[in-house]
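# Here is a sequence with its predicted model. Questions after.
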Amino acid sequence: MRSVPVGISPRIDAVFKAIFGDVRHKQVLLDFLRAILPEHNIADVHIENPFTVAEFLDEKISVLDIRATDADGHIFQIEMQGYNEPALRKRLVYSAAHVFSQQLSAGQEYDELRQVISIWVMDINIFRDHTVHHRFSMRDPSTRLQLSDCIEIHTIELEKWRRHGGNLSPALKRWLRFLTEADHWISVPDELRTPAMELAMEVLENIDENTQLNHAYRARMEGLRRQRTQQAAMERALRGKEEAELQLQEARQELEYAKERRARVEQERAQAEQELAQAEQERAQAEQERARAEQERAQAEQERAQAEQERERAEQAMQQAREGRERAEQARERLRQMLRAAGIDPGDQ
């Protein structure tokens, strides 16, 4: 009877494959797949690339996926991903597509292709929502029309399970608790105890108690720790590069904005100068018109003065004429008086 926690994490890829990829206890994998895919009613599985101790001891192996099939021809690809990496989402798609494309050999027809279900258990978050279990397939996003079910990709994000839990089936919750807690267990908790869970816990205990396997596990842990450290450094460098590129882009945009602002200012200045020149031209034209009006006013004043002089001369002439008529009338009157004095009737003279 153990008295201390087992201390072996099922989230280490080699340990994960030792648990779910060993043909000696394939019911562990069967129970795990049934928890994730209850709608498939999986009766039995065949592990295509079973776990080996040599694989566990090889520190250089970087990919430890599990491939299995069931009686209906479904192909299962299961992998534990413990750290983030560039283009991880594309790797998920490529990996499933690669397994799908490997089915056909020369002479086989497309209708012989079987569905590939790729399951990725993540000890990281790759999506920004709170959903623990995502299921992706080829559908039209607007109509939900399915093109084909030939490839299906599942992601299970353990960090979200730790933080938020989820509306999951009891069977899947049981396995998520195992994956996130088992390294701290002394034995399987009573509420989780099943034959498959007991077998999975035995794998952890065997690794802990076997000196060679325990040493390989610690070396694997250290290798993954170095890998995560390098990955974190790469991510920091990548973020620094992205930030520098963003700053450079912003500086270029600011330069373009400055050029545009300068061009607008130059255009506005040219337009203002053009308007000023036009205003100056209009002012000169108004000045010319004012001068012409002044000249015409002066000419009109001169003509008015000349007309006034002519009027005065006419009045003088009329006055002289009146005075001439009056003298003539006076002379005629004197003549009449002289004729009368002479005894001559002047008549109407």
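Done, it's in.
# Gln77 sits in which helix or strand?
Taking DSSP states H and E as the definition, one finds Gln77 inside strand 75-81.
# As a check, name the ranges of all strands in the protein.
45-47, 66-70, 75-81, 116-122, 133-139, 146-157 (DSSP state E).
# Looking only at residue counts, what's the top helix in this protein?
When the chain is parsed with DSSP state H, its longest helix is helix 211-341.
# what mean pLDDT does that one have?
On average, the pLDDT along helix 211-341 is 87.
# other SSEs contacting it?
helix 13-20, helix 53-57, helix 195-209 (3 or more C-beta pairs under 8 Å, 6 or more residues apart in numbering; DSSP states H and E). C-beta coordinates here come from the backbone N, C-alpha and C atoms, glycine included.
# how many neighbours does the residue nearest to Phe51 when sequence neighbours are not counted have?
Spatial nearest neighbour of Phe51, chain neighbours left out: Gly21 (4.0 Å); criterion: C-beta to C-beta, 6 or more residues apart in numbering. Gly21 has 25 neighbours, counted by other C-beta atoms under 10 Å.
# quick revisit: and the helices and strands packed on helix 211-341, which is most packed in?
helix 13-20 (a mean of 25; mean count of other C-beta atoms under 10 Å).
# CA atoms only for that helix, dumped as CSV, please.
Output of helix 13-20 as CSV, limited to C-alpha atoms (Å, rounded to 0.1, in the frame of the first residue of the first chain):
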residue,chain,number,x,y,z
ASP,A,13,3.8,12.3,-23.8
ALA,A,14,5.8,9.1,-23.2
VAL,A,15,3.7,8.4,-20.1
PHE,A,16,0.5,9.2,-21.9
LYS,A,17,1.4,6.6,-24.6
ALA,A,18,2.4,4.1,-22.0
ILE,A,19,-1.1,4.4,-20.4
PHE,A,20,-3.3,4.5,-23.6
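# which residues make contact with that helix from outside it?
8-10, 28-29, 32, 51, 55-56, 61, 64-66, 78-82, 121, 200, 203-204, 207, 216-217, 220, 224 (C-beta atoms under 8 Å, 6 or more residues apart in numbering).
# And stretch 122-136, by the same measure?
Taking C-beta under 8 Å, 6+ apart as the rule, stretch 122-136 contacts 11, 36, 80-84, 88-89, 152-161, 164-166, 168, 172, 176.
# try 7 Å this time
If you take C-beta atoms under 7 Å, 6 or more residues apart in numbering as the criterion, stretch 122-136 is touched by 11, 81-84, 88-89, 152-161, 164, 166, 168.
# on that earlier part again, among the helices and strands packed on helix 211-341, which gets the worst mean confidence?
helix 53-57 - the lowest mean pLDDT of those, at a mean of 74.
# name the helices or strands packed onto it?
Counting by 3 or more C-beta pairs under 7 Å, 6 or more residues apart in numbering; DSSP states H and E, the packing neighbours recorded for helix 53-57 are helix 211-341.
# the inter-axis angle of the helix it packs on versus helix 195-209?
110 degrees (axes from the mean of the first three to the mean of the last three C-alpha atoms, to 10 degrees).
# next one: helix 211-341 to chain centre, how far?
Computed by C-alpha atoms, centre = their mean, to the nearest Å, the chain-centroid distance of helix 211-341 equals 45 Å.
# nearest to Gln281, of the strands of the chain?
strand 133-139 (70.7 Å; C-beta to C-beta).
# For the closest one, which strands pair with it and how are they oriented?
When sheet partners are counted by DSSP bridges, strand 133-139 sits next to strand 146-157 (antiparallel).
# List the buried residues in the strand it pairs with.
150-157 (16 or more other C-beta atoms under 10 Å).
# How about residues contacting that strand?
So strand 146-157 is in contact with 36, 92, 96-97, 100, 113, 115-122, 125-126, 132-139, going by C-beta under 7 Å, 6+ apart.
# Right, I'll call it a day here.
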